[in-house]
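J.: I would like the atomic coordinates for the input below:
(2 chains)
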Amino acid sequence: MRTRREFLSVAAKLGLGTALLNSLPGVSFAAAPGNRPFVVVILRGALDGLSAVPPFGDPDYADARGPIAIARPGEAHGALDLDGFFGLHPALPLLGERWRAGELLVVHATASAYRERSHFDGQNVLENGGDRPSATSSGWLNRALGALAGRGIDGLALGQNLPLILRGPVPVASWAPSRLPEVEPDLLTRLRDLYSHDDALSARLDEATRIDALADAQARGGTSLDGDATAAGKTAAKTGGNERLKLIAETAGHMIAAPNGPRIAVFDATGWDTHASEGGAEGALAGRLAGLDQVLDALRRGLGTEWARTAVLVCTEFGRTVQVNGTRGTDHGTGAAAWLLGGAVRGGRVLADWPGLGLAQRHEGRDLRATTDLRGIAKGLLRDHLGISEPALGDVFPGAERVAPVKDLVRA
Amino acid sequence: MPPSIEPLTRAAIAANRFGFGARPGDLAAIVGDPRGWLLQQLRKPYQAPRELEGLASSREILATYLQVRQERAEEKQRAEQGLAAATVVEPLRAALVPHYVAQADARTRIALTSPDAFRERLVHFWANHFAVSIDKPICLGTAGAFENEAIRPYVCGRFADLLLAVERHPAMITYLDNQRSVGPNSALAQRAARRRQGPQSLRLGLNENLAREILELHTLGVDGGYTQADVTSFAAVLTGWSIGGGEGRDRAGENGQSTPGAFVFREGLHEPGGKTILGRRYAESGIDQGEAVLRDLAAHPATARHVATKLARHFVADDPPADLVDRLTRIYQAYDGDLGQVSAALVAWDGAWLKDARKYKQPHEFIYSTLRALTVLPREPKVLLASFEALGQRHWSPGSPAGWPDRQADWDGADALMKRIEWSVALAGRVGDASPALAAADASLGPLAGEHTRSALANADSGSQALTLLLMSPEFQRR
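T.: Residues are numbered from 1 along each chain as shown, chains lettered A, B, ... in the order given. Below is the predicted model of the structure:
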């Protein structure tokens, strides 16, 4: 029996790709042009924004950070200068290139509505988009997809399961590379029948077959028409750690850039909870940042020419303490840094109402005060990048009526 | 229990919802008294499973870790000083991976063969409540030993004993960095301050990681009513809770009494003085101060409710009924945190035996129940463990101290479903026609397997396809 993958491959060679895909049950691909890609990258574990984007110009920075402070630009292992006050961690040279290209907007001293210090509640608020943990059971990006209903825009989670930010009434597919063998179409038909009385499994199966077909088509249409359609996926499944994430990011870029691909995608990176031996220009955090730098660049490469129309929001649940702790790391804090990058972003700017790092200026005497509500950034993106109306934004971010969308984040 | 539910259905619920799935013959063996079968598992005196024989202890594994790390540091130093050519030293990971594989293999084999699968599920539940994660290198070797030493013997005992065993276990202490936390006014910090007048940022001090997670995750719960001041104060209480050997600070202060890799209280790191937590004052008493706080936390009503909610969620429903949570909370308080009593109350609750109230299986539950139903037991540990990785749930790798999440939405992604299908196809292809699917359905699900599924199995075009359909059926995907 011919496998689904071979079947699709033959169809593609005959130029039947999209028409055939659209004839599959449960498939309705986004065909509308003009929908700009939007990717959210969640850094779980609370990224230390004061190291990732060191405010070297702050008079209290060097002393508060002591052994883990990033040196000023021009000094050995110094920060990459942004604007004479803020810098980028030296392990982020590719992000630095985006800055020089005017494609990186840095947001600092920012936070969600959450002001406690639990990772899990913090991530919950970041993703549910409300003003407290479990304020809603769906995620703000799913509700944004709901607001875009009818425009044929699909969401995608890179991973086996959906993060909260994408959960909700709008069906969203997930995809991760696999090293297991492909499933025959006949079995999928039988499973579809087996799930005919089970709405949840039935919906998941439809989403899975649809996104698998797209992943196959992209792998085939991208670099190797006659090659193994799942080569990239199989390589990624066999690779560990950051290499795996790089391949996932690049494949995600391909899928998003496809004419019928999802336009809204989420992936996450873990390992930012640097309580001990965080390191400065070198060390544990520097290693993670260098990896992230490459992952974000892999996404850019995967998007190809679509990068020019893309906005990527990189965010974390909260920041870390201003003062280095007793174990040369940092504990859970409040104000954080976030990045907006992509060809659609009006970059080359730092957006920060800087509160200062002095003891009296800190939140509860220990954390960077949050002066920019991250929901305002997200609202600005949803309104100006995706074209969601302001009234609809009220449902996407309930309880944030007084948080205005930030203007001019993206190019007109 | 509702009399309308027939005995074989109750047996299938006992084996699947409370256990790790029925093996051939299990339903017949327990059909006489499914509830009694569960309750007797709670009453058995603790005995270590045979599969654990020969595994290294956490002390031995940590001692190896410390030694290898020391050798690597010395080697690096010699090379930097030009005293020796840089040689290839064994990576730290290579010394730990064999321990991880042996422990994960033993854990899986116990889950696949144990007749006391309810108790085994409780071991998994509590190990996940007190999660350590192997993405932190030091935990790669110790995660399994931690489960066997600090969790397994205590799951039917008092919560306070479990809590104390966990928080003084070297795996938890190192996972949450406590061996490095130093009282700002401790003897060690004062000696260091006298030696050099550095900037404020170089002073030794607290690391609040363990204190925060004990309050938020292990005991009271995130809404349990504690403040940042309580976290800081509790972190000070816990200074000195450390491990012997080079990983802990203040080696000089040990007087040669500590054993590398074992728990040790280092007086020299402990922040002196009385401390206030949740409004209660604890006088200075060294290690007893921390133990007193932990005992009070175990007896706190918020802890009772937190534990009751998590247990009810795990066994009954993602959003458990309020009356069940109330009941388990009351039992916890009435029996001084006796977890055997709380678990028994769960089994006694009629609502836990409803045929249609079912939990979506996590990947490890799906793998266990599949391999139990088909009595498949790969001999090669790496083959056995590869399944957990492919389906997204390697043993002891939740990635955070919160442990694996326990709701359907956390596990039912489209891609996760496709991975289960692919895995089932691969497994069914190997098991082949040797395991007739309808017989396997009867043995594992009994009356829980519905007509629609049975007819799909009967109409399959091969034995292996029928088996795949069984494993992927809505009934088998839930418990």
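
J.: where does the prediction get shaky in the chain?
T.: With no chain named, the answer covers chain A. Scanning chain A for pLDDT under 70 picks out A:1-34, A:218-240.

J.: wait, chain B
T.: For chain B, applying pLDDT under 70 flags the ranges B:1-5, B:83-90, B:196-203, B:246-257, B:432-434.

J.: quick check: domain ranges of it?
T.: Here the domain assignment for chain B is B:50-154, B:158-316+B:319-355, B:363-471, based on automatic domain parsing.

J.: can you check chain A too?
T.: According to automatic domain parsing, the domains of chain A span A:1-24+A:183-229, A:31-182+A:238-396.

J.: helices along the stretch 1-150 of chain B, start to end?
T.: Using DSSP state H, counting those that start in this stretch, the helices of the stretch 1-150 of chain B run over B:7-13, B:26-30, B:34-43, B:58-80, B:92-113, B:117-129, B:137-146.

J.: among those, which comes closest to residue B:287?
T.: With Cβ to Cβ as the measure, helix B:58-80 is the member of the helices of the stretch 1-150 of chain B nearest residue B:287 (18.3 Å). The way it works is simple: take the backbone N, C-alpha and C, and place the C-beta from them, glycine included.

J.: list the contacts for residue B:207?
T.: Residue B:207 is in contact with A:275, A:276, A:325, A:326, A:327, A:329, A:331, B:177, B:178, B:180, B:181, B:235, counting by Cβ atoms under 8 Å, 6 or more residues apart in numbering or on different chains.

J.: just to be sure, the fourth one is in a strand?
T.: It refers to residue A:326. No - counting by DSSP: H, G, I helix; E, B strand; the rest coil, residue A:326 is not part of a strand but coil.

J.: so how far is residue B:69 from it?
T.: 21 Å (Cβ to Cβ, to the nearest Å).

J.: neighbour count: the two, which is higher?
T.: residue A:326 (26 against 17; other Cβ atoms under 10 Å in any protein chain shown).

J.: ok, that one touching residue B:179?
T.: No - applying Cβ atoms under 8 Å, one finds residue A:326 not in contact with residue B:179, separated by 11.8 Å.

J.: and the residue in the stretch 1-150 of chain A that chain B sits nearest to, how many neighbours?
T.: Residue nearest to chain B within the stretch 1-150 of chain A (Cβ to the nearest Cβ): residue A:66, separated by 2.6 Å. Using other Cβ under 10 Å, residue A:66 has 17 other residues around it.

J.: quick one: it is in a helix?
T.: Yes - according to three-state DSSP, residue A:66 belongs to a helix.

J.: which residues touch residue B:134?
T.: B:100, B:140, B:143, B:394, B:395, B:396, B:397.

J.: what sits against the last one?
T.: The reference is to residue B:397. Taking Cβ under 8 Å, 6+ apart, one finds B:133, B:134, B:135 in contact with residue B:397.

J.: for the second one, which non-adjacent residue is spatially closest?
T.: Spatial nearest neighbour of residue B:134, chain neighbours left out: residue B:140 (4.6 Å); criterion: Cβ to Cβ, 6 or more residues apart in numbering or on different chains.

J.: picking up where we left off before, and the domains of chain A, which is most packed in?
T.: domain A:31-182+A:238-396 (a mean of 21; mean count of other Cβ atoms under 10 Å in any protein chain shown).

J.: go ahead and confirm residue A:297 touches residue A:94.
T.: Yes - here residue A:297 reaches residue A:94: they are 4.4 Å apart, a contact under Cβ under 8 Å.

J.: point me to the helix or strand that includes residue B:344.
T.: Assigned by DSSP states H and E, residue B:344 belongs to helix B:339-348.

J.: ignore what I typed, I meant residue A:337.
T.: Going by DSSP H and E, residue A:337 is in strand A:336-341.

J.: distance from the chain centre to that strand, please.
T.: 11 Å (Cα atoms, centre = their mean, to the nearest Å).

J.: who does that strand pair up with?
T.: Next to strand A:336-341 in the sheet, as set by DSSP bridges, lie strand A:104-111 (antiparallel), strand A:311-316 (antiparallel).

J.: sorry, back to before: and the contacts of residue B:397, which is closest to chain A?
T.: Among the contacts of residue B:397, and counting by Cβ to the nearest Cβ, the member closest to chain A is residue B:135, at 7.0 Å.

J.: look up the closest residue to the closest one, ignoring the ones flanking it.
T.: Nearest to residue B:135 is residue B:399, by Cβ to Cβ, 6+ apart, at 5.7 Å.

J.: again with residue B:99
T.: residue B:141 (4.3 Å).
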